[in-house]
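A.B. asks: structure for the following, please:
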Amino acid sequence: MDKKATRYFTPGLLAMAAVLAVQPALAQDASFSMSGFGTLGLVATDTDAAEFRIAGQPNGARKRASGEVDSKLAVQLGAKFNPMFSGTVQILSRQNGEGSFKPQVEWAFLKAQLTPELSVRLGRLGAPLFAVSDFRYVGYANVWLRPPQEVYGQIPFSTFNGADLGYSTSIGSATLNVQVFAGKSKDVVNGSDLEVKKFVGANATLDLGNGLALRLGHAQGNTTLKSQNIGGLVQLLRANLGATPFASVAEEIDPTEKKSTFSGLGLSYDEGDWIASAEFTRRRMHSIIPSTTGWFASVGHRFGAFTPYVVVSDLKVDDGNVNNTIPSVGPTAQLSAVVNAVVASQRAEQSTTALGLRWDVARNMALKTQWDRVDVKNASGLFLLLDPAWSKGKVNVVSVALDFVF
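C.D. replies: From the prediction side, this is the model:
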């Protein structure tokens, strides 16, 4: 089997194939389902100096409207073999880290419901790092037009290959759902390969009833970013330049097999006409990829088919993780300046105030408009920098999207 084929032949597909091969009777009695979701979106800004995009995308929007940022289409196939075994495959087309809309296998897993409370899944699963991880791409399932990037942009990958264990129990009138998971992830971010090994974590969601839920999660892994620019700088620093090695700075910059952690706390409320949610997240890295803190708070109110909403969010850098000890004067001045520039380019800080309106035009369709006022506080924030002279400042982003499910 060639490499292109193995890229899509995931552990989940292998598991389902094994079930069908070993127990053909299951396939005869199985029930199958198909569903899907999509978004047709347009977004434009008031600047041509930088492009607005979702984290990981190499193409974004400027003054000229773009349909590449938010548009997506997915088909999901489900199979229930018997009361215990089921399987799910989701194929998603959206702008990926290579800038194409080539369909990818987003999910492909086999599930065993061992008891009414306990389940296990094996295959390609959604990375459960956020409150809406399982439906972060399902625009129709969210009140806002897109998840706040100050929080969700901290982790640009959304799947992993591995397994998870889910447990659900009642605590008085509340319901507790616990999930533990382990595996590895590989994706492309802005044209560079991102790999996370020894990816393990756990999260718990407490449904308190009356529309109120609390979530707490933590994950860790060894992260590698294969960037030509950063890799070239690391190699240069590790060489002896005259009589002075800069191995310590190179080690701090090098994003290869570095331990990383991500923790999140979420709160949501959805009862009657009011809907609100908030998340607080912290990313801890040990390379040129900075350690960050992000948060958002959102509230909306339903007036029949119309739901106006507001979102405020913020992303700040807690630690750039690189102490540049290269002398800034003399023969090493230029190299020191290069290191400072590369480190500064990673320090994405910004805050956003968003106002939006959701109109449920049909049972399975919602039209949304959203205005974002983005305050870029450091470097180019989460924007893709096009003009080297541009940094910081406020950017207006206007978006419209039609979300649907089928």
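A.B. asks: didn't residue 102 look like it was pressed against residue 94?
C.D. replies: No. Contact criterion C-beta atoms under 8 Å: residue 102 and residue 94 do not qualify, at 9.8 Å. Any C-beta I mention is one placed from the backbone N, CA and C, and that applies to glycine too.
A.B. asks: who's more crowded, those two?
C.D. replies: A count of neighbours by other C-beta atoms under 10 Å puts residue 94 above the other of residue 102 and residue 94, at 23 against 10.
A.B. asks: which residue ranges form the helices in the stretch 51-200 of the chain?
C.D. replies: Using DSSP state H, counting those that start in this stretch, the helices of the stretch 51-200 of the chain run over 149-152.
A.B. asks: joint contacts of residue 102 and residue 94?
C.D. replies: Listed as contacting both residue 102 and residue 94 by C-beta atoms under 8 Å, 6 or more residues apart in numbering is no residue at all.
A.B. asks: give me the number of residues near residue 336?
C.D. replies: By other C-beta under 10 Å, neighbour count at residue 336 equals 18.
A.B. asks: that one should be in a helix, yeah?
C.D. replies: Yes. Checked against DSSP: H, G, I helix; E, B strand; the rest coil, residue 336 lies within a helix.
A.B. asks: so how far is residue 374 from it?
C.D. replies: Distance, residue 336 to residue 374, using C-beta to C-beta, to the nearest Å: 31 Å.
A.B. asks: who does the helix or strand hosting residue 280 pair with, and is each partner parallel or antiparallel?
C.D. replies: Using DSSP states H and E, residue 280 falls within strand 274-284. Each strand that pairs with strand 274-284, with its direction, by DSSP bridges: strand 258-271 (antiparallel), strand 291-301 (antiparallel).
A.B. asks: ok, and what's touching the longest one?
C.D. replies: Residues outside strand 258-271 that contact it (C-beta under 8 Å, 6+ apart): 129-131, 154-155, 196, 201, 203, 210-224, 275-287, 289.
A.B. asks: filter those to the buried ones?
C.D. replies: 129-131, 154-155, 196, 201, 203, 213, 215, 217-224, 275-279, 281-287, 289 (16 or more other C-beta atoms under 10 Å).
A.B. asks: circling back: just name the most buried of the strands paired with strand 274-284.
C.D. replies: strand 291-301 (a mean of 19; mean count of other C-beta atoms under 10 Å).
A.B. asks: pLDDT on it, on average?
C.D. replies: What strand 291-301 shows for mean pLDDT is 98.
A.B. asks: so the next helix or strand along the chain from it versus strand 274-284, what angle?
C.D. replies: Per DSSP H and E, the first helix or strand lying C-terminal to strand 291-301 is strand 306-319. Computed with axes from the mean of the first three to the mean of the last three C-alpha atoms, to 10 degrees, the direction of strand 306-319 lies at 20 degrees from that of strand 274-284.
A.B. asks: mind listing what's buried in strand 306-319?
C.D. replies: Going by neighbour count (16+ other C-beta under 10 Å), the buried part of strand 306-319 is 307, 309, 311, 312, 313, 314, 315, 316, 317.
A.B. asks: now do stretch 87-98
C.D. replies: 87, 88, 89, 90, 91, 92, 93, 94, 95, 96, 97.
A.B. asks: ok, back up a step: avg pLDDT for the strand holding residue 280?
C.D. replies: According to the model, strand 274-284 has a mean pLDDT of 98.
A.B. asks: residue 397 is in contact with residue 369, correct?
C.D. replies: No. Counting by C-beta under 8 Å, residue 397 is not a contact partner of residue 369; they are 11.6 Å apart.
A.B. asks: ok, these two, which is more surrounded?
C.D. replies: Taking other C-beta under 10 Å, residue 369 and residue 397 do not tie; residue 397 has more neighbours (20 against 14).
A.B. asks: just give the nearest non-adjacent residue to the more buried one, would you?
C.D. replies: Nearest non-adjacent residue to residue 397, counting by C-beta to C-beta, 6 or more residues apart in numbering: residue 372, 4.0 Å away.
A.B. asks: check which helix or strand the one you found maps to.
C.D. replies: strand 365-378.
A.B. asks: quick one, that strand and strand 306-319 angle?
C.D. replies: Using the same axes, to 10 degrees: strand 365-378 against strand 306-319 is 30 degrees.
A.B. asks: and strand 365-378, how far out from the chain middle?
C.D. replies: Relative to its chain's centre, strand 365-378 lies at 17 Å (C-alpha atoms, centre = their mean, to the nearest Å).
A.B. asks: give me the sheet partners of that strand and which way each runs.
C.D. replies: Checking strand 365-378 against DSSP bridges gives partners strand 349-362 (antiparallel), strand 393-405 (antiparallel).
A.B. asks: so which strand or helix has residue 248?
C.D. replies: Using DSSP H and E, the element containing residue 248 is helix 247-253.
A.B. asks: output the contacting helices and strands for that helix.
C.D. replies: On a contact count with 3 or more C-beta pairs under 8 Å, 6 or more residues apart in numbering; DSSP states H and E, helix 247-253 meets helix 228-238, helix 333-345.
A.B. asks: hmm, who's touching that helix?
C.D. replies: 230, 233-234, 237-238, 287-288, 321-326, 339, 342-343.
A.B. asks: where do the strands sit along the stretch 51-200 of the chain?
C.D. replies: Ranges of strands within the stretch 51-200 of the chain are 72-80, 85-94, 104-113, 118-126, 159-171, 174-189, 192-209, based on DSSP state E, counting those that start in this stretch.
A.B. asks: tabulate the ones you listed (a markdown table), appending mean pLDDT and distance to residue 391.
C.D. replies: Converted to a markdown table, those look like this (pLDDT from 0 to 100; distance: least, C-beta to C-beta, whole Å):
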| stretch | mean pLDDT | distance to residue 391 |
| --- | --- | --- |
| strand 72-80 | 97 | 31 |
| strand 85-94 | 98 | 29 |
| strand 104-113 | 97 | 34 |
| strand 118-126 | 98 | 35 |
| strand 159-171 | 97 | 33 |
| strand 174-189 | 96 | 22 |
| strand 192-209 | 96 | 22 |
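A.B. asks: dump the residue contacts of residue 376.
C.D. replies: 50, 349, 350, 383, 391, 392, 393, 394, 395 are the contacts of residue 376 under C-beta under 8 Å, 6+ apart.
A.B. asks: so where's the stretch 201-350 of the chain uncertain?
C.D. replies: 240-245 (pLDDT under 70).
A.B. asks: nothing else from me, thank you.
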